[in-house]
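Asks: below: sequence and its predicted model.
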Amino acid sequence: MGRTKHIGAASADRIKDKRKMQPSPEVLIEGIHKGDIALLARALTSIESTKKADRDKAHSIVESCLSKDIKSVRIGITGVPGVGKSTFIEAFGKLLTGEGKKVAVLAVDPSSSLSRGSILGDKTRMPELAKNPAAFIRPSPSGESLGGVARKTRESILLCEAAGFEVILIETVGVGQSEFAVHSMVDFFLLLKIAGAGDELQGIKRGIIEMADAIVINKTDGSNVKYATQARSQFERALHLYPPKNNGWVPKVLNCSALKGEGIAEVWKLITGFLSENTLNGHLELHRKDQNKNWLLQAVDDFLKTEFYRHPGVQKRLNKMMAEVQANLKSPFRAAEELLEYYTNKGSNR
Ligand code: GDP
């Protein structure tokens, strides 16, 4: 009896060790390219790690997933909590997987590190899609900053694409600047709205309408149809006030009922129309190239800032200079210049 128990515990430990063991980057890369979901998920976990050693592995995994060809569409979906994002994604995902497409759902939710869990990308919000073998749902990576969360999500997109996912949906609730981060990583940006008390434009964050390629008024059903139709005209009028986009696309407003699955096919038709137009005129490729360039610049910015503030010599001098600046003994600009001079001459060579 005691012996059996002993063997049982040992094999349980072995199983645990096996689970803890992270596959090598080569194994992960091969798994991703074969479309192995379990290995894709483990690779995503490994690129979410902030440890320096893991970052090197992560770079090699991400680089193996880079592709010159555009094989997917990246769609950003934003809207306040309760607007119907998960219901919409569930219906939209059902339509797309029904057409034989593989759909990945990622989330950018910088509040997840505060709430210790993401409300977005939670599988229980999309029960049908979560069970669908052609769909992959991943919650927001937790990170201290939106920048960190955004970077990891961007890398996750590449891995999902290499694993054969053709439609990548990235949802956000628009906490802080998260819509801007999502916009900077997608081809098409969709704003979900519901009809309210009449003045639909109130309460919309500045800049969101300019970014939208489509505004979709959800919950166009039951007694709400009248208001939702009015809201559509109001948004259409509002969109006319904005200058045309560089790619010549004129944003559209649609109505839908995610709950009833109505108007969902029209949203996809609009997106496929956008894709053919932007593929033909070369803007899709141009846009992705620009996004890559901006991500490089953004990464350099983030890296420099982090390294600068983390430097012990800078920290010591910064505290002293802050006191001097607050006491009006030194100009903030001179203080900044001195700190940067110190960092470039000595600090960065430590
Ligand atoms: P999220 O927070 O944006 O993800 O919103 P949910 O998808 O969780 O939806 C919030 C609530 O609105 C839920 O009770 C849904 O059933 C409901 N809802 C979502 N879409 C529709 C719709 O098209 N019509 C109606 N009447 N209710 C909807």
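Replies: Yep, it's here.
Asks: quick one: low-confidence ranges for the stretch 51-200 of the chain?
Replies: Residue ranges of the stretch 51-200 of the chain with pLDDT under 70: 112-123, 143-144, 197-200.
Asks: same thing but at 50, please
Replies: Applying pLDDT under 50 to the stretch 51-200 of the chain flags the ranges 116-117.
Asks: helices of that one, start to end?
Replies: 52-64, 85-98, 112-115, 127-131, 146-162, 178-183 (DSSP state H, counting those that start in this stretch).
Asks: the last one and the ligand in contact?
Replies: By that I understand helix 178-183. No. Applying CB under 6 Å from any ligand atom, one finds helix 178-183 separated from the ligand by no less than 13.7 Å. Every C-beta, even on glycine, is put in place using the N, C-alpha and C of the backbone.
Asks: CA atoms only: put that helix into CSV for me.
Replies: The C-alpha trace of helix 178-183 is given here as CSV (Å, rounded to 0.1, in the frame of the first residue of the first chain):
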residue,chain,number,x,y,z
SER,A,178,-5.7,51.4,-25.3
GLU,A,179,-7.8,52.1,-28.4
PHE,A,180,-4.9,54.0,-29.9
ALA,A,181,-2.6,51.1,-29.2
VAL,A,182,-5.0,48.6,-30.8
HIS,A,183,-5.4,50.9,-33.8
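Asks: what does the stretch 101-250 of the chain have sitting close to the ligand?
Replies: Counting by CB under 6 Å from any ligand atom, the stretch 101-250 of the chain sits next to the ligand at 218, 219, 221.
Asks: tell me the contacts of the nearest residue to the second one once chain neighbours are set aside?
Replies: It refers to residue 219. Sequence neighbours aside, residue 194 is the residue nearest to residue 219 in space, at 4.9 Å (criterion: CB to CB, 6 or more residues apart in numbering). By CB atoms under 8 Å, 6 or more residues apart in numbering, the contact set of residue 194 is 83, 84, 217, 218, 219, 224, 228, 231.
Asks: repeat for residue 177
Replies: residue 146.
Asks: quick one on the thing from earlier: can you add neighbour count and secondary structure and give the contacts of residue 194 back as TSV?
Replies: Below are the contacts of residue 194 laid out as TSV (neighbours: other CB atoms under 10 Å; DSSP: H, G, I helix; E, B strand; the rest coil):
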residue	neighbour count	secondary structure
83	21	coil
84	21	coil
217	27	strand
218	25	strand
219	23	coil
224	17	helix
228	22	helix
231	24	helix
